[in-house]
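Engineer: Return a 3D structure for these sequence lines:
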Amino acid sequence: MSDISRIPNASALFPMRGSAYVPAPSDDALNPPEKYFDTDFTNSTFPLLWGKENGGRGDLSNFANDLRVNFLHLYDWNIPPFPGQEPGPYKRSHMSFLNECAANNIKVFVPISNYFLKKLNKGEEDVIPDIKAMVTEIYDAGTTPHQAAGIWGIGNEFDLAGEFSVTDVAKMIQILVNIETSMGIPASNLLPITSPVSFADPTNKDIPGIIAIQNLRAALQAIGLENVWNTRFIASTNPQNIGAYIKNYIDNTFPSYFPNTPFFFAEMGTPIKQDPGWPVKTEQNQAEWVLSQIQNSHPRGNFLGACVFQFLNQTTLKEGSESTFGMTKPSGSFTTGTIPNNYTPSGGKSYRVDNLTHKPMYQSVKTGFSAF
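Structural biologist: Predicted coordinates for the structure are as follows:
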């Protein structure tokens with residue numbers, strides 16, 4: 001019996017056929033040029049990356065129509081302007097991106113990123129108006145969420161980050177709840193909440209992710225947010241294991257600790273590396289591994305599904321094997337788009353719209369998701 005239906009708006013995420021999505025242009029960098037300044041490209045400033053109009057690459061259409069992806073795990077959501085207003089300096093509107101997602105029946109993981117958790121940890125007071133701007137955008141200054149908004153994602157892997165803690169994640173959830181309350185959003189319109197954890201296992205008892213999720217539950221209870229856990233929280237973890245291991249985790253390991261908690265995989269994939277004993281050394285190895293993962297992680301019970309990690313090799317943002325997770329990679333050729341003139345900084349400058357090569361893993365995702 002599933003507990004998904006007891007959480008408002010969670011059933012809209014089932015079955016989840018997801019992908020992590022960071023469509024960074026090939027001229028981005030670990031220290032990004034000012035015209036980019038972060039890794040939020042899913043907004044109105046860069047429509048040729050994700051949209052089809054005006055000769056765009058059409059990632060969203062390809063996700064929906066070729067890969068059958070219906071959920072995107074995003075990582076950065078820059079501070080937006082008030083709905084209907086022009087973006088101020090270093091702000092970006094996501095409304096056109098959300099509208100295109102909705103047109104393709106795609107839900108998104110709306111990220112309150114590690115950047116904001118680090119600010120909270122440092123005591124920076126502007127974090128509250130930052131989050132209020134995001135909530136206002138998602139609810140279009142009203143009380144009904146955008147059709148494409150699927151779930152609030154609070155950071156990524158707080159158990160590994162080092163620059164913020166599980167306590168900061170709980171505090172951020174409290175900030176989010178307070179803002180929603182001040183805006184008068186009814187319980188039936190509230191989005192679910194998650195905070196992905198790594199597959200680390202500090203106990204060495206073969207229970208990856210479990211301790212971190214237990215710690216988050218305790219942190220929420222400590223500040224009076226047990227009701228959030230009971231009525232809004234969906235757990236998420238980031239495995240890289242082979243399919244048979246993932247199947248057992250879904251059917252046995254996780255439910256034995258959290259029998260009434262819905263969950264999903266926010267990142268599921270594997271890197272390519274040449275380490276002795278590492279089984280994934282080629283793109284074909286990777287494709288076979290990911291297909292096994294997908295085939296063993298079909299949605300069932302309290303398990304919503306998985307986000308394949310990830311869409312694009314992050315050759316400019318990550319180093320070594322960390323740059324190899326993608327189902328696509330830049331081909332070396334590209335067209336260009338123009339950053340709108342009213343955007344500050346860098347209005348009028350060009351951005352790359354890379355032509356992409358499908359790795360063998362692309363077909364694995366297509367085959368795997370076509371089965372459910």
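Engineer: from here on, contacts and neighbour counts on C-alpha atoms
Structural biologist: Will do.
Engineer: Residue 155 versus residue 122, what's the distance?
Structural biologist: For residue 122, the distance to residue 155 equals 15 Å [CA to CA, to the nearest Å].
Engineer: Counting neighbours, go ahead and name the busier of those two.
Structural biologist: A count of neighbours by other CA atoms under 10 Å puts residue 155 above the other of residue 122 and residue 155, at 25 against 11.
Engineer: Could you double-check that that one lies in contact with residue 166?
Structural biologist: No - Residue 155 is beyond contact range of residue 166, at 10.1 Å (criterion: CA atoms under 8 Å).
Engineer: Now residue 111. Nearest residue, chain neighbours left out?
Structural biologist: Once flanking residues are discounted, residue 111 sits nearest to residue 153: 4.7 Å by CA to CA, 6 or more residues apart in numbering.
Engineer: That neighbour belongs to a strand?
Structural biologist: Yes - applying DSSP: H, G, I helix; E, B strand; the rest coil, one finds residue 153 inside a strand.
Engineer: Centroid-nearest residue for the protein?
Structural biologist: Geometric centre of the chain, nearest residue: residue 73, 2.2 Å, by CA atoms, centre = their mean.
Engineer: now the nearest residue to that one once chain neighbours are set aside: how far from residue 320?
Structural biologist: Residue nearest to residue 73 in three dimensions, not counting chain neighbours: residue 20, with 4.5 Å by CA to CA, 6+ apart. Using CA to CA, we find residue 20 at a distance of 19 Å from residue 320.
Engineer: Kindly report the same for residue 73.
Structural biologist: Distance, residue 73 to residue 320, by CA to CA: 22 Å.
Engineer: again with residue 275
Structural biologist: As judged by CA to CA, residue 275 and residue 320 stand 12 Å apart.
Engineer: For the residue nearest to residue 111, grab the count of nearby residues.
Structural biologist: Using other CA under 10 Å, residue 153 is surrounded by 24 other residues.
Engineer: before we move on, what about residue 252?
Structural biologist: Residue 252 has 12 neighbours, counted by other CA under 10 Å.
Engineer: Give the buried residues for the top strand by length along the chain.
Structural biologist: When the chain is parsed with DSSP state E, its longest strand is strand 328-338. Buried residues in strand 328-338, defined by neighbour count with 16 or more other CA atoms under 10 Å: 328, 329, 330, 337, 338.
Engineer: wait, doesn't the second one sit right on residue 357?
Structural biologist: Right, residue 329. Yes - judged on CA under 8 Å, residue 329 makes contact with residue 357 at a distance of 5.4 Å.
Engineer: For residue 228, which residues are in contact?
Structural biologist: Residues in contact with residue 228 (CA atoms under 8 Å, 6 or more residues apart in numbering) are residue 220.
Engineer: Next: the one 5 residues further on.
Structural biologist: Residues near residue 233 by CA under 8 Å, 6+ apart: 7, 192, 193, 194, 261, 262.
Engineer: Same check on residue 217?
Structural biologist: Contacts were defined as CA under 8 Å, 6+ apart; by that measure residue 217 touches 226, 229.
Engineer: Just the pLDDT for it.
Structural biologist: In this model, residue 217 is scored at 98, pLDDT.
Engineer: could you measure it against residue 258, distance?
Structural biologist: To residue 258, residue 217 is 11 Å away according to CA to CA.
Engineer: Enumerate the positions of the one helix or strand residue 256 maps to that are buried.
Structural biologist: Here residue 256, judged by DSSP states H and E, is contained in helix 254-257. Neighbour counts over helix 254-257 (16+ other CA under 10 Å) mark 254, 255 as buried.
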